[in-house]
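Enquirer: Next one to model:
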Amino acid sequence: MAYYTRHIFFCTNEREDGNCCQHFRASELRNHAKQRAKALNITGKGGVRVNAAGCLDRCNEGPVAVVYPEGVWYTFADERDIDEIVDEHLQHGRVVERLKL
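Expert: Now for the predicted structure:
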């Protein structure tokens, strides 16, 4: 059995040219996801993990995050999008089609 049911990685890379996820508040929105998951009590062993990652090499589609084990890639714009990803995909296993890359 896997330690986590789902694992989400947020690209938080920052480049000098501005073509990066960090330019779109990636770290701030990752922190929001982490707080939301904790508030829903879905973190820890048997639950979900919210992590920062370096460059995930999809800079032109940013900001991006990827959920494993499904391998679903998302883009997002604000806290409402993050809440939907956490509530629907991380908590209930339902892919958020409107944010999927």
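
Enquirer: C-alpha only now, for contacts and for neighbours.
Expert: Will do.

Enquirer: Asn13: how many residues sit nearby?
Expert: Using other C-alpha atoms under 10 Å, Asn13 has 20 neighbouring residues.

Enquirer: Check what pLDDT Cys59 gets.
Expert: At Cys59, the pLDDT value in this model is 79.

Enquirer: how much space between it and Gln22?
Expert: Going from Cys59 to Gln22 by C-alpha to C-alpha, to the nearest Å gives 10 Å.

Enquirer: Same question for Val64.
Expert: Remark: distance between Val64 and Gln22 (C-alpha to C-alpha) = 10 Å.

Enquirer: Neighbour count: those two, which is higher?
Expert: Val64 (28 against 22).

Enquirer: Just list the residues touching the more buried one, thanks.
Expert: Counting by C-alpha atoms under 8 Å, 6 or more residues apart in numbering, Val64 touches Phe10, Cys11, Cys21, Leu56, Arg58, Trp73, Tyr74, Thr75, Phe76.

Enquirer: Which ones among those residues lie within strands?
Expert: If you go by DSSP state E, the contacts of Val64 have Phe10, Cys11, Trp73, Tyr74, Thr75 in strands.

Enquirer: so the second one makes contact with Val67?
Expert: No: with contact taken as C-alpha atoms under 8 Å, Cys11 and Val67 are classed as non-touching, separated by 11.7 Å.

Enquirer: neighbour count winner among those two?
Expert: Cys11 (26 against 21).

Enquirer: The more buried one pairs with what?
Expert: Beta-bridge pairing for Cys11 (DSSP bridges): Ala53.

Enquirer: how near is it to Val48?
Expert: Distance from Cys11 to Val48, by C-alpha to C-alpha: 17 Å.

Enquirer: Give the full set of residues in contact with Gly62.
Expert: Cys20, Cys21, Phe24, Thr75 are the contacts of Gly62 under C-alpha under 8 Å, 6+ apart.
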